[in-house]
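Q: With the input below, show me the fold.
(one chain, ligands or ions: 1)
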Amino acid sequence: MKVSIEKDYYKILGVNKSSKVSDIKKRYRELARKHHPDTNQGSQKSEEQFKQISEAYEVLGNAKKRKEYDQLRTNGRRGRSAHSPGNRNEPYNDPFDFGRQYTRQGPRENRQDPFSQPPFADEPVMDPDMPTRGFDLQFMVDVPFVVAALGGTIPYTYDKHVTCPECKGSGVNDFEDPCTECQGKQRVVKTVTLDIDIPSGVADQYTLKFPRQGGSGRNGGPLGDLMVKVCIEKHPHFKKVKSDVHSVVAISPELAEKGGLLEIQLLDSKTTIHVEDGTLTGEELRIPGAGSTQPWGKKRGDFVVKFRIDENLRKKRAG
Ligand SMILES: [Zn+2]
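A: Numbering: from 1, shown residues only. Okay, the predicted model is just below:
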């Protein structure tokens, strides 16, 4: 068929340039029902309108043709065919070949266009063209201890529905047959990686919600959400008590007896502390503000050093 850029197909269908394919289909069906020749006793006017509507839908209902049409209209290259001459007599592209379509019996598997049903029959209860929301997804994610305490991002890889890249979510190819990539389902399963933000001080088993990071919908329906349950990994040396972080630090008997300086590992840095002389196992040293961030806050708890005198660290006498 020849695309006429003289005609405003959007105006003919009463839609606008930003209308979704699903809305265009819906509008087309309403108009086609109204102006169908069979229901208008062969009225010349209705027949002409019906042809116009069908021609408009033939273009706007197809993502590729619509794009070409939009480009031609924008560029103002009048009278140029959007299709190669070889396609002009292609029967599947002929918008006026209604006889073929109306006499088709039985549903065509997976077909998404309005003609999958006998023309203008009662709507099925579940409208296959109705926009539906994508799936909400729920996962558990292991979060390193320090990331949970101080916040950060971790890459998370998961599978979800995405809009079919081949048919751009229309479910059909240029010939209005089911898209081979998605089998007309408009979407395909794809593995994606999302950098998820872990808020500082997040509690174990807390569920984070990431709106619109779930599966793609159908017929222009909205994306689902992603829900991630935080599972904080155990740390070999640190333990969280509310916003404080406790750490058991082994010291030699000599250091415990005489006192002195000792470098220790904090959450994200090292620091040097002073061990008092006469320190006993179980005694604590508190470093204010070096613990975990308080949930949803900026203040940090304390880092609590618990000393343990380790006989294995006793210095062996030389000789
Ligand atoms: Zn597809």
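
Q: so where's the stretch 1-150 of the chain uncertain?
A: Counting by pLDDT under 70, the stretch 1-150 of the chain contains low-confidence ranges at 1-3, 42, 75-126.

Q: swap the cut-off to 50 and go again
A: Scanning the stretch 1-150 of the chain with the threshold set as pLDDT under 50 gives 77-125.

Q: That one: strands as residue ranges?
A: Using DSSP state E, counting those that start in this stretch, the strands of the stretch 1-150 of the chain run over residues 137-143.

Q: so where do the helices sit in the stretch 1-150 of the chain?
A: 9-13, 21-35, 44-60, 63-75, 98-102, 145-150 (DSSP state H, counting those that start in this stretch).

Q: would you turn the ones you listed into TSV with distance to the ion and mean neighbour count?
A: The C-beta positions use only the backbone N, C-alpha and C, and glycine is treated the same way. Putting these into TSV (distance: least, CB to the ion, whole Å; neighbours: other CB atoms under 10 Å) gives the following:
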stretch	distance to the ion	mean neighbour count
helix 9-13	23	19
helix 21-35	12	19
helix 44-60	18	18
helix 63-75	10	16
helix 98-102	22	13
helix 145-150	38	20
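
Q: Pipe these into CSV and attach distance to residue 194 per row.
A: Formatted as CSV, the helices of the stretch 1-150 of the chain follow (distance: least, CB to CB, whole Å):
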stretch, distance to residue 194
helix 9-13, 36
helix 21-35, 27
helix 44-60, 34
helix 63-75, 27
helix 98-102, 43
helix 145-150, 15
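
Q: near the ion, which residues of this structure show up?
A: 164, 166, 167, 179, 181, 182 (CB under 5 Å from the ion).

Q: Most neighbours out of those residues, which is it?
A: Highest neighbour count within the residues of the chain next to the ion: residue 167, with 25 neighbours (other CB atoms under 10 Å).

Q: Now do the closest residue to it other than its chain neighbours against residue 185, distance only.
A: Residue nearest to residue 167 in three dimensions, not counting chain neighbours: residue 179, with 3.8 Å by CB to CB, 6 or more residues apart in numbering. Applying CB to CB, to the nearest Å, the value for residue 179 to residue 185 is 8 Å.

Q: so what sits against both of those two?
A: The contact sets of residue 179 and residue 185 overlap at 164, 171 (CB atoms under 8 Å, 6 or more residues apart in numbering).

Q: and the most centrally placed residue in the chain, what does it touch?
A: Nearest residue to the geometric centre of the chain (CA atoms, centre = their mean): residue 213, 3.2 Å. Neighbouring residues of residue 213 by CB under 8 Å, 6+ apart: 137, 160, 194, 223, 225, 226.

Q: ok, now how distant is it from residue 21?
A: Per CB to CB, residue 213 is found 23 Å from residue 21.

Q: Residue 144 too?
A: Distance of residue 144 to residue 21, given as CB to CB: 44 Å.

Q: ok, now residue 250?
A: Relative to residue 21, residue 250 is positioned 67 Å away (CB to CB).

Q: Could you chop the protein up by domain?
A: Following automatic domain parsing, the chain resolves into domains at 9-116, 137-232, 238-313.

Q: which of the ones you listed sits most buried?
A: Stretch with highest mean neighbour count among the domains of the chain: domain 137-232 (a mean of 17; mean count of other CB atoms under 10 Å).

Q: thinking again about what came up before, can you lay out the residues of the chain next to the ion as CSV showing distance to residue 41?
A: Formatted as CSV, these follow (distance: CB to CB, whole Å):
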residue, distance to residue 41
164, 42
166, 43
167, 38
179, 39
181, 44
182, 42
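
Q: got a markdown table for these, with pLDDT and secondary structure too?
A: A markdown table is the format used below for these (pLDDT from 0 to 100; DSSP: H, G, I helix; E, B strand; the rest coil):
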| residue | pLDDT | secondary structure |
| --- | --- | --- |
| 164 | 95 | coil |
| 166 | 95 | coil |
| 167 | 94 | coil |
| 179 | 94 | coil |
| 181 | 94 | coil |
| 182 | 92 | coil |
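
Q: May I have the residues that are in contact with residue 139?
A: The neighbours of residue 139, taking CB under 8 Å, 6+ apart as the test, are 156, 158, 226, 227, 228, 229.

Q: Same check on residue 200?
A: For residue 200, the contact set (CB under 8 Å, 6+ apart) comprises 149, 150, 151, 152, 292, 293.

Q: Recalculate using a threshold of 10 Å.
A: Counting by CB atoms under 10 Å, 6 or more residues apart in numbering, residue 200 makes contact with 147-152, 292-298, 300.
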